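**Q** The sequence and its predicted three-dimensional model are supplied below.
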Amino acid sequence: MKLKFLLTALLLLTIRFSYADAIVIKHFIVKANPFAKDEIAILAADSTNEINEQVSGNFIFTVNGFEDTLKFEKGTAFYRHKIAKSSFVYVKHHNDEGTFGTLYYLYKSSNDIVPVHISWVWLLAIPAALVILGYLFKRFIIIAVILFLIFMYFNHSNGLSMPTFFESVLDGLKNMF
């Protein structure tokens, strides 16, 4: 009886530790899709921005507020929506360990898309610098307001709304701590 109990306990303990670790995407990179024109690919990466080829399966991402299920194969998923013009793209993934978001500016030329990562620090630094310059130099305040309005117009006309702007900054601040 003790032997059966011991074997059952050992079997249950073995089963408990035999589950594989769930694959978690904490970092990702946006690149131009090499197989389709005017589309992007999302690459699952590790902390050193190397492609994590162990990532395979379906993962839910939010791209500019629209939720989409992306199928990853060897660390790469293709976002099958055409990019019509240069615009901002905020890509966000939520998993058990938290929410991870990244802001990119997709510069679209006649035959290629060039993604440029936009850090949340720059989103804070540019308006803060304009406010500080306007405060320090009273004559510069009109020019600072005009530059700030141009900055806001450029962001808005390329798809970066105010909620996305603040969400990107807040995600950056949360991930900093």
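**A** Arrived safely, thanks for sending. What you see is a predicted model, and the numbers here were worked out from it, not measured in a lab. Residues are numbered from 1 along each chain as shown.
**Q** Pick out the residue nearest the middle of the protein.
**A** Nearest to the mean C-alpha position of the chain, by CA atoms, centre = their mean, lies T102 at 2.6 Å.
**Q** mind listing what the residue nearest to it when sequence neighbours are not counted touches?
**A** Distances taken as CB to CB, 6 or more residues apart in numbering put V91 closest to T102, at 5.4 Å, once the chain neighbours are dropped. For the C-beta atoms, the positions are set from N, CA and C on the backbone; glycine is no exception. V91 makes contacts with F28, V30, I42, F61, T62, V63, G101, T102, Y104, as judged by CB atoms under 8 Å, 6 or more residues apart in numbering.
**Q** State the next helix or strand along the chain beyond whatever helix or strand the residue nearest to the centre of the chain lives in.
**A** In this structure, T102 sits in strand 98-108 according to DSSP states H and E. Per DSSP H and E, the first helix or strand lying C-terminal to strand 98-108 is strand 113-118.
**Q** where are the low-confidence patches of the protein?
**A** In the predicted model of the chain, residues 1-22, 177 satisfy pLDDT under 70.
**Q** redo that, cut-off 90
**A** 1-29, 32-40, 44-70, 72, 74-76, 79-103, 105-106, 108-114, 118-177 (pLDDT under 90).
**Q** re earlier: for the contacts of V91, which one is nearest A144?
**A** Y104 (27.2 Å; CB to CB).
**Q** Dig out what the closest one forms beta bridges with.
**A** Taking DSSP bridges as the rule, Y104 bridges to V89, H117.
**Q** and it, what does it touch?
**A** Y104 touches V30, F88, V89, Y90, V91, P115, V116, H117, I118, counting by CB under 8 Å, 6+ apart.
**Q** go again using 10 Å as the cut-off
**A** Shown in contact with Y104 (CB atoms under 10 Å, 6 or more residues apart in numbering): 29-31, 40, 87-91, 114-118.
**Q** Now restrict those to buried residues only.
**A** Neighbour counting by 16 or more other CB atoms under 10 Å classes I29, V30, I40, S87, F88, V89, Y90, V91, P115, I118 among the contacts of Y104 as buried.
**Q** can you tell me which two in these are farthest apart?
**A** I29 and S87 (17.8 Å).
**Q** Report the buried residues of the strand holding T102.
**A** Buried-residue list, strand 98-108, by 16+ other CB under 10 Å: F100, G101, T102, L103, Y104, Y105, L106.
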